[in-house]
Each structure stands twice: as C-alpha cells, then as structure tokens.
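Engineer: sequence-free structure coming up:
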C-alpha cells in the first residue's frame, strides 16, 4: 500500500483573494474594515471641522460649572448653585425612580391581567382582552398625555379640600389627596430619629434606613442558613424540621422591633394654608408618567404572561395531579418553573423598554435625565454634542446593566437541560 | 352457561324513546352562563366584578358620549348647545372640533388645494402593496382594491383634484385591478417605482429628480451585467460604485438641465407643511419599507462567521437598542449638522426617517435573528448539500422560513414604530397627537379641549395598529405549512 501523496499546495495567486472561499471572507472583512474606518474618519473629521467653524471645543468641563436652575423633585439635596454634574445625577436618579416604580407596578398589573385573560369567567376575560388591545395599540405618548390631563384638568385644586364641607375628599382612609398639582401621600415619620450618616457630598442616609436594610439582608441570610440546615437534616434523617415559624420570625420580628424602637408611623398629609403638608407631595408629572408607563407596559407583560402559561402543556398539570400534588404545589413546582422560562426573556426587554420610555417624561415636564442633562443643561450651555453623547452613554450603560442582571436571573430559572 | 343471562332478562325494550329536550339548566343561555360566567365561586366574583366595571364605565361615560355635539364653531358654543338641549348640569363631548379641524389632523398644514395629492398617494400605495401583502388571495385583493378605488376616487373628486390626475388615478387603479385579476406579479414593477412616485406626489417639484434617482441603479445594473463575466464580487462592487457616483456627481446637475429643457414639475410643498397623520404615515411607511431589508442584513451579519462583520453588527444593534428613540431623534435634529460636511443641511423629515429606520432595523434584526436561530440546522445543511452558494441558500431556503417564523415579531416592531412616529413632536414636527392638538388648542375657540382630539387620534391609531396585528395573524395562518 502506497501513501497517497498529499496534494501539492496550489501557489497563492492574487485572484484567489476574490475567488477562493478561504480567502474571500478575509478580503471581504478587510474591505468592510477599511470602509468602516473611512466612514468613522469622515464623521470625526466633519465633527472637528464643524466644531472649529463654530468656535467650540469638545470637553466636558461644563459639567463642573454652576447649573443655575431648579429641579422640582430632588432625591439628593440639590440647589441651583450646584454643578451641572449634580443636576444630571439628580435627573438620572429621577429616571431610576420612575423606572423602578413602573417596573414593579407593571409586573403586578401585567401578571394579574395576563392570568385574568385565561379566566373561565367569559366577561372578565373579555374585559381584560379589551384592556390589553386598547393599551397596546395606541401610542404611549397618548396615554401619558391623557393621564396627565386627567390629573391636571379633572382633579380638584388643593383648596377644594378646605372647610367643614369640602368639595373633594381624600381617599384611602383620608391618607391620600389627589389635587391638580400634586398627589399628597403619607410619609413615614419617626418619633425617635437616630440621625443620619453623612457620606459627604451632601448625601445622607438615615440610620433607621440602614438598620432596616441590615435587618432584612441579615434575615435573608439567616433564612437561607436555616433552610440549608433543614435540607441537610432531611438528607441525613429523612425528617424535615419545621421551619416556617423560624423563617417568619426571622423576617418579621427584627423589623417589628425596629419599628417599635424608632417609633415609626405614617404621617398623613393635612391641608395647612394653601397646600398639603406633613406628607409627601408627589408632583403630578411623576404620577402621570408612572401610571401611564405602568398601564402601557402592563398590557405587554400581560400578553407575555399569558403566552408563558399557555406554553406549558396541559399534560404537565395533569401529570402533577396524577402524582397527587395539590394545585398550589403544582403551580409552584411544575407550571411556574416552565412558564418562567418562556416569560423571563421578553419580560427583560419590557423592563428595558419601560426604562427607555421613561424619557418621554419630556411630555409632562418631569425632570429626568433627559430633562436635566439633555434638556436644561444642554440648552443653557449649548453643548449639544457632549450632552447628548453623555446622555446616550448613560442610557446605554443603564440598559446593559438591566439586561445583564436579568440575564443572570434568567440563567438561574431556565430549564436545566442535559 | 353463557346463554342463561339472555333468557333471564325479564324485559328488553324494543322501541326507541323520542329524544327529550335537555333539562333547562343544561341548555341554551342558562347552560352557557353556568359554564362561562358562574362556574365556581372565584369566577362568579370575577364576573360580578366585570359587571361592576362595565356598569361603572357606562355610568361615567354614557352621558358624555350621548350628549355629543358635532356642529359648532367653538367650545363655548358647544357648551351652550349642551346646556340648552340637556339641561344645566349636563356634560357632553364636543366633537365639533374634529369636524372643524379634521383637515389639520389628517394633513397638517399641507396646502388645502393640494389635499388630493396625499390622498391619491395613499390610494396608489394600496395598489403598490397589493402584490406584496395580498398576493395569495384573489378575493381579498378584489375587496381591498375595490374599496381603495372607490374611496380614493371619491375623496379626490371631493377634494377637487384636477381632471388629468383624476384620469391618472383611474388609470392606475384600473390597471392594478386588471393585473390583479390576470397575474399579480406583473404589478411588482409598479411597487418598485412607487416609493419614488410617492415622494414626488407628496413633496412635488420636478419629475426629473425621481427619474434620475432611478437612472442610478439602472446604470449600476448595466455595469453589473458587464463586469459579472469577470467576477461576481467585483460586479457587485462596480454596480454599487456606479450608482453612488452617478447619484452624487451627476444626478443633481442632470435634474436641473433636464428641467430647463422640458419642465415636468408640479407645485412643490415644503417639509414644514407636513403634519398630522400624513406625517405619521409618511414616516411610518418609509421606515417600515426601509427597516425590513436593513434588519435582514443586520441579522445575517450577526449570524455571520466573519468575526469583524459579526462584532460590528453586534455593537450597532446593542447600541441602538440601548438608547431611547428620543435621544436618536435629538441626534437627528441637533447633531447631524455636526457629523456632516460643513454647510450641508438636509430635510428634517428625511433625517427623522433615517433615524427611525435605523432604530426599527436594530429591533428587526433581533427578531429575525430569533427566526434564523429557530430554524433547524438541517435546513442549512440541506442548502449546502444542494450546492447552493450563500446568497442562494439564504434567499431560497433560509430566509423564507426564518421570516415566516418571525412574522409576529416583525409586525409588532412595525406597530411599535408606527406608534413611535408620534415622538417626532419633540423635534418640532407636527405629529397628530401632541403638536397638532396643541396647535388646535392654541386657538381661543378651542382652548381647553382635551378628550375629543385624544379620542379621535387614538381611535385612528388603534384602527391602524389593530389592523396590522390582525393582518399578521392572517399571514401566519396563510403561511402555516405544518399540519397540526
């Protein structure tokens, strides 16, 4: 048996760059690379020439100059004398506030509506379908404007709550007052205030908040320890120790003690003079934006939830029942894990959408990131390029954080396949 | 014994009983209600809750709709009519604002005597779309084209279109109808040149502009035919180069010269006169038409084996998807003059269309990537086994299936984009929702009117978006090839 001689390597010819499959993709990539670089160079060159023509420079120094404008809602202390940077941070925090509140509310409402659409009650299911179709098929801007108009046009002015026989009455057991400028909600107040921790840069955390966070996080870790101990005992002996009352105690007792120690209570808003004081006056722009984002996103989440539940075949629940599982445990152990696998990825993109859509705050004058950095700061300093680039990068980072965080969660709940 | 049983049966009935009606609780409306409304305590509560909601909605809004006024010239007049007709405390809708200002909501500030032009453009759009959207069913095509023809011609007559253009519209509509009966694919050339025609109808100006835009790809095609004998790759490059060079260097001058030789122009309309649904539809349709091919290219690039192509596409898609559309619109309105050579300025609507297209294409790419990933690997291998090259495999085997799988996602991207056209209000264009309503309210006669414009504009958006989602369901059913 003779060795088959290896085919001699064909000498490289220039035409192989175009005709040979091995080299063609390389040629193609080089061409694309050159084109992209040329395009980028063209853009940068134009920008430099334009900036030179306008006598501007590209630097972010304006961030450290005095902002000189007021912001209606400031989660961290802020005055008009602060820098543009601090104003932008305030705006970013405002974006985050409405995004987080919106995501929570939209998830709750969306799950309720999505499950209700599968309800056997024909009327209720139809109503929920109408809700979903109406909110999905009209622009979000419309909902923001409508909700804002409802709040500013229909709600009574604060002085309608005045007098012995007021024209308007507070809702939720006299704790919430809806007015045409703001919504007065109760705040948490303390009789024994432990003071605040000063982090510098005028950012403070109340010790009570820190104590509660520590109690909750610590409780969560202790609960995990208890559960893993119970699992270990069960693995060893076959008997699972009773844990529910320990868990309940760990999660509630420290908080209750803290509430008692600090004298924590709700302080209801009350009308003093022209305005409500005592509680927190949440501006209608935030409430309208939050409500509209919630309703709009909930309609999408409802469809996602419905599709997720429908994707679990009926045989799964039948099998679980045949094994003798109660409906509750069937839901928790069989249906939900499989449904979540379908639900989570599109849910992530809904959260992203909600966060990005919060930039529509411009329609109601809520001072979010776009309103501060991309709005007043941009107009005052005339630094369009820097402000918009910075704003886009911030949104981009925000989106990437949300999606990567949720992807980690997704990786944990997804079906383990072998 | 086996036969004892039979003989011990004392009585066997030998006639059938006539079938009796089911018990009243098990038939008709009662049964339906028992099963669908009141099966179990939870559902009963939900049904009652539903009834409560319905009752609440009717109680709140019925009066308002029932007392609506359609004929008045100001909000105060509306209120007076309502008070005069239904008493002092009656509330009512004042839809008179829609009756008075419908033209602004539909056409913005487009010259009133030219309203027929967008109308005709929209009518011909349906003809151009027929071979693309309704190629499968002759019945649907007949209905769509018949309704389009009747509505378009009626509207053109009412809006006072010149006889020449009326004749043109009749010709195209009749031709579309005839070709749709004979062979719908013959209508495709019209679909191909429609975008240019549409632009010309809407903005006006010289016909030579669109003609020379069309000449570019024509020359490119000739170049491709000449070079393709040498090498297909070079031919593609040559075709693109020839087209671009013609557009950039020759098209502008050629248009001017041709216009001086033979004037073929109609009254031109500036971009800032566009508004209302005309603007939304222009941006929406252009964005949809452009973002689908771009999205497909991006999705294929993201699936590519070539590292550079893949990473560029990933970066582009993730960047666009990570920022809100508003910021991109700000880029269009504020930053593009930084990025382009000094002294360049081009139309704001065009800039917005470009940004909306880019935005939608990134989402489209992700949707199509899902479709590509869902395709069984065997399909790719089968294409390779048949000896198809990359583009043939994509065009004949991979893309048709991938696109079919991604239809729901594609259509929801379209719907989202069409809804997002309202955001152009933030770069100073007159969208139907906010800017137009603000413009109407700025007038003292209609100051303080909120709900009626919202209802009108929202209703039209709902019809279009809901229609699109129903169409996608129809398309899914039509393209279903697997048997369940």
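Structural biologist: Right, received. Where do you want to start? Predicted model, so just to flag it, every value in this text is computed and none were measured.
Engineer: Show me what the host helix or strand of residue A:132 is packed up against.
Structural biologist: Residue A:132 is part of helix A:122-136, with elements assigned from DSSP states H and E. With contacts taken as 3 or more Cβ pairs under 8 Å, 6 or more residues apart in numbering or on different chains; DSSP states H and E, helix A:122-136 sits against helix A:84-117, helix A:284-311, helix B:41-66, helix B:451-479. Where you see a C-beta, it was placed from the backbone N, CA and C, and this is true even at glycine.
Engineer: Kindly compare burial across the ones you listed and name the winner.
Structural biologist: helix A:284-311 (a mean of 23; mean count of other Cβ atoms under 10 Å in any protein chain shown).
Engineer: Isn't residue A:98 up against residue A:368?
Structural biologist: Yes: taking contacts as Cβ atoms under 8 Å, residue A:98 lies within contact range of residue A:368: 6.8 Å.
Engineer: Just the closest residue of the stretch 51-200 of chain B to chain A, please.
Structural biologist: With Cβ to the nearest Cβ, the shortest gap between the stretch 51-200 of chain B and chain A falls at residue B:53, namely 6.1 Å.
Engineer: hmm, back to that, of the helices and strands packed on helix A:122-136, which approaches residue A:30 most closely?
Structural biologist: helix B:451-479 (39.5 Å; Cβ to Cβ).
Engineer: Which neighbouring elements make contact with that closest one?
Structural biologist: helix A:122-136, helix A:140-149, helix B:96-107, helix B:407-420, helix B:435-442.
Engineer: Could you point out which of those helices sits nearest residue B:233?
Structural biologist: That would be helix B:407-420 among the helices and strands packed on helix B:451-479, by Cβ to Cβ, at 30.0 Å.
Engineer: who touches the closest one?
Structural biologist: A:136-140, B:280, B:284, B:287-288, B:291-292, B:295, B:325, B:356, B:359-360, B:363-364, B:367-368, B:370-371, B:403, B:461, B:464-465, B:468-469, B:471-472, B:475-476, B:479 (Cβ atoms under 8 Å, 6 or more residues apart in numbering or on different chains).
Engineer: Get me the contact residues on the stretch 251-400 of chain B for chain A.
Structural biologist: B:305-309, B:312, B:318-319, B:321-327, B:330-331, B:334-335, B:337-342 (Cβ under 8 Å from any Cβ of the partner chain).
Engineer: again, only using 10 Å
Structural biologist: B:280, B:301, B:304-310, B:312, B:318-328, B:330-331, B:333-335, B:337-344, B:363, B:366, B:370, B:389-390 (Cβ under 10 Å from any Cβ of the partner chain).
Engineer: Narrow these to those in helices?
Structural biologist: Counting by DSSP state H, the part of these found in helices is B:280, B:301, B:307-310, B:312, B:318-322, B:325-328, B:330, B:337-339, B:363, B:366, B:370, B:390.
Engineer: Could you identify the buried members of these?
Structural biologist: Among those, the ones that count as buried by 16 or more other Cβ atoms under 10 Å in any protein chain shown are B:280, B:301, B:308-309, B:312, B:320-322, B:325-328, B:330, B:337-339, B:363, B:366.
Engineer: Low-confidence regions, the stretch 351-484 of chain B specifically.
Structural biologist: Across the stretch 351-484 of chain B, the ranges flagged by pLDDT under 70 are B:481-484.
Engineer: Would you mind listing what in the stretch 251-400 of chain A touches chain B?
Structural biologist: A:296, A:300, A:303, A:345, A:349, A:352-353, A:355-363, A:369-370, A:374-375, A:378, A:384-385, A:387-389, A:391-400.
Engineer: Swap in 7 Å and give it another go.
Structural biologist: A:356-357, A:359-360, A:362-363, A:370, A:374, A:384-385, A:388, A:391-392, A:395-396, A:399-400 (Cβ under 7 Å from any Cβ of the partner chain).
Engineer: and residue A:25, how many neighbours?
Structural biologist: 17 (other Cβ atoms under 10 Å in any protein chain shown).
Engineer: now the strands for the stretch 151-300 of chain B?
Structural biologist: For the stretch 151-300 of chain B, the strands defined by DSSP state E, counting those that start in this stretch occupy B:205-206, B:265-266.
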